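Asker: Let's see this in three dimensions:
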Amino acid sequence: MTRPQRLVVIGAGGRGRDAYGRWAIEHPDRATIVAVADVSRERRSALAAEAGGAAEYRDWRDAVADLGALGADGVIIAVPDALHVDVAIAVADAGVPFLLEKPAAPTLPELARLAGHARRTSSRLAVGHVLRFTPFWRSVKRIVDSGAIGRTMTIEVRENIGFWHFAHSYVRGNWRNSATSSAMVLTKTSHDLDLIRWIAGAAPESVYSIGELTWFRAENAPAGAPEFCLDGCPVADSCPFFAPRYYVDALADVSGHPVHLLGPDSSPSGRLAALRTGDYGRCVFRSDNDVADHQQTAMMFPGGVTATLTASAFTAENTRNVTITGSAGQLTGHMESGEIVVDLFSPTASLPEGLPLAAHEVETKPPMGHARHTVRVLMPNADLGDHAGHAGGDAALMSEFVDALREGTVGEGELSFETALDSHLIAFAAEESRLTAAHIDFAEWVGQLGIAGAPVPAGERPPLP
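Answerer: Prediction:
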């Protein structure tokens, strides 16, 4: 048997610890964490202890300098978005393959800097677009690629963010302000844009996007609402976003994500103390958020394929829906339930064999007498372990990354940086379109940026849109 791959985790927050690090701990025969770097002593020590006594570093630079001494086979980069490129370039220069949490870069200049450096140094990097590794989306892709629904005509993806999740992450949380993070279309829906690009099989020809921050604004605050929920909010009983109801009541039995973001004391009194003055206790109408709370993006792809992405904070569910129409059939799917319904217009048509982790049933009498197949994707799977974040995508991506480390293939196929680059560029184009009301000719726009096809000189990096 081959030895476990030695990993260094840089950034021990929600993703570094609870997603990627957790998988390594649950699969000691395949990976072992040899070092953890994080500015928070509590976070790095907790993960290092869970990993069996990994080395600890407060400064990521010191960890990168010791990669050789640590015998690192790979690095997980899960630091705040603004640090992604600096850490990635340092690890690339050290010659160690790495997995970079999405978004790869929070701004166009940073994306250009990373792309240029990655190409000059032939860096071996993968980006954490986990959804394409899920059994659900691999089944969708397999059905479309098989030709079962004919020539693809339209792709519709709906990102149901969930009213509570949006308030947590995009009004009160780390991704609330574009100046310190990035636009919501990148930080939240780069997953969805990656899926659309992956299914379409090519970069788009044009991009157009509309949306804005409409609801989570000061003028919509209830009369008398204070800056913090616990400062005597007059509508505490009825407000959907009253912080104690979410963090103290609804999540009473949760001590990990997202509760651990409040602070080290997860007791009810500790949570209440954190909410009195911390960001997660702020009134959602009185925060410093500026990212869109709903946005719709339309794309035209070669061959006449059109795609739309709808992202909304105002949903009860926190999942994704997909509808793909083709010349010979239609596919609809619901990620949380794992159900995919495929209507094939010919009564004798059938689905492809070998759907990933899926079982399917056939209904013989749909309304119009055609063939209807209902696929229920089985997930998680025993091979993925108990941690099934992002519908099993976190675990599946880590499994593929560790295999690629062992085989020396990080940076190839679906784990390559190039496969993630288009979705980032689409996101930046969509935000420029939203802000300017312009249709973006994608190829022309990318050509002007100088990102695709050739490194960008340091003095010629594009400005922010």
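
Asker: contacts and neighbour counts: CA atoms only from here.
Answerer: Noted.

Asker: gap between residue 92 and residue 120?
Answerer: 11 Å (Cα to Cα, to the nearest Å).

Asker: Compare those two and say which is more crowded by neighbours.
Answerer: residue 92 (22 against 11; other Cα atoms under 10 Å).

Asker: Isn't the more buried one up against residue 115?
Answerer: No: applying Cα atoms under 8 Å as the test, residue 92 and residue 115 come out as separate, 11.7 Å apart.

Asker: Would you state the strands of the stretch 201-350 of the chain in chain order?
Answerer: 206-212, 294-300, 306-312, 319-326, 329-334, 339-344 (DSSP state E, counting those that start in this stretch).

Asker: Please find the angle between the direction vectors of the third one and strand 319-326.
Answerer: Put plainly, it is strand 306-312. Calculated by axes from the mean of the first three to the mean of the last three Cα atoms, to 10 degrees, strand 306-312 forms an angle of 160 degrees with strand 319-326.

Asker: Quick one: list the elements packing against strand 306-312.
Answerer: Packing contacts for strand 306-312, counted by 3 or more Cα pairs under 8 Å, 6 or more residues apart in numbering; DSSP states H and E, involve strand 152-160, helix 190-200, strand 294-300.

Asker: switch to 7 Å and redo it
Answerer: strand 152-160, strand 294-300 (3 or more Cα pairs under 7 Å, 6 or more residues apart in numbering; DSSP states H and E).

Asker: any idea how far the shortest one is from the chain center?
Answerer: Going back to what we said before, that points to strand 294-300. 18 Å (Cα atoms, centre = their mean, to the nearest Å).

Asker: Also the first one?
Answerer: Here strand 152-160 shows a centroid-to-chain-centroid distance of 17 Å under the convention Cα atoms, centre = their mean.

Asker: same question for the helix or strand encompassing residue 396, mean pLDDT?
Answerer: Residue 396 belongs to helix 393-407 when elements are defined using DSSP states H and E. Per-residue pLDDT over helix 393-407 has a mean of 93.

Asker: Could you do stretch 74-82 as well?
Answerer: Stretch 74-82 shows an average pLDDT of 94 in the prediction.

Asker: again with stretch 449-464
Answerer: 44.

Asker: How about stretch 19-35?
Answerer: The predicted model gives stretch 19-35 an average pLDDT of 95.

Asker: ditto for stretch 344-361
Answerer: Mean predicted confidence for stretch 344-361 is 79.

Asker: hang on, the earlier thing: pull out the buried positions in the helix holding residue 396.
Answerer: For helix 393-407, burial by neighbour count (16 or more other Cα atoms under 10 Å) applies to 393-399, 401-406.

Asker: Please identify the most buried of the strands of the stretch 201-350 of the chain.
Answerer: strand 339-344 (a mean of 23; mean count of other Cα atoms under 10 Å).

Asker: still on that earlier bit, of all the strands of the stretch 201-350 of the chain, which one comes closest to residue 72?
Answerer: The closest of the strands of the stretch 201-350 of the chain to residue 72 is strand 319-326. By Cα to Cα, the value is 35.7 Å.

Asker: All the helices of the stretch 251-400 of the chain, in order from the start?
Answerer: Ranges of helices in the stretch 251-400 of the chain, per DSSP state H, counting those that start in this stretch, are 268-277, 393-407.

Asker: Same question for the stretch 51-200 of the chain.
Answerer: 60-65, 67-70, 84-94, 108-121, 135-146, 163-166, 184-187, 190-200.

Asker: Residue 333 is nearest to which of those helices?
Answerer: Per Cα to Cα, nearest to residue 333 of these: helix 135-146, 8.1 Å.

Asker: What average pLDDT does stretch 323-330 get?
Answerer: The model assigns stretch 323-330 a mean pLDDT of 97.

Asker: what would the strands of the stretch 201-350 of the chain look like in a markdown table with distance to residue 424?
Answerer: Below are the strands of the stretch 201-350 of the chain laid out as a markdown table (distance: least, Cα to Cα, whole Å):
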| stretch | distance to residue 424 |
| --- | --- |
| strand 206-212 | 13 |
| strand 294-300 | 14 |
| strand 306-312 | 14 |
| strand 319-326 | 19 |
| strand 329-334 | 24 |
| strand 339-344 | 27 |
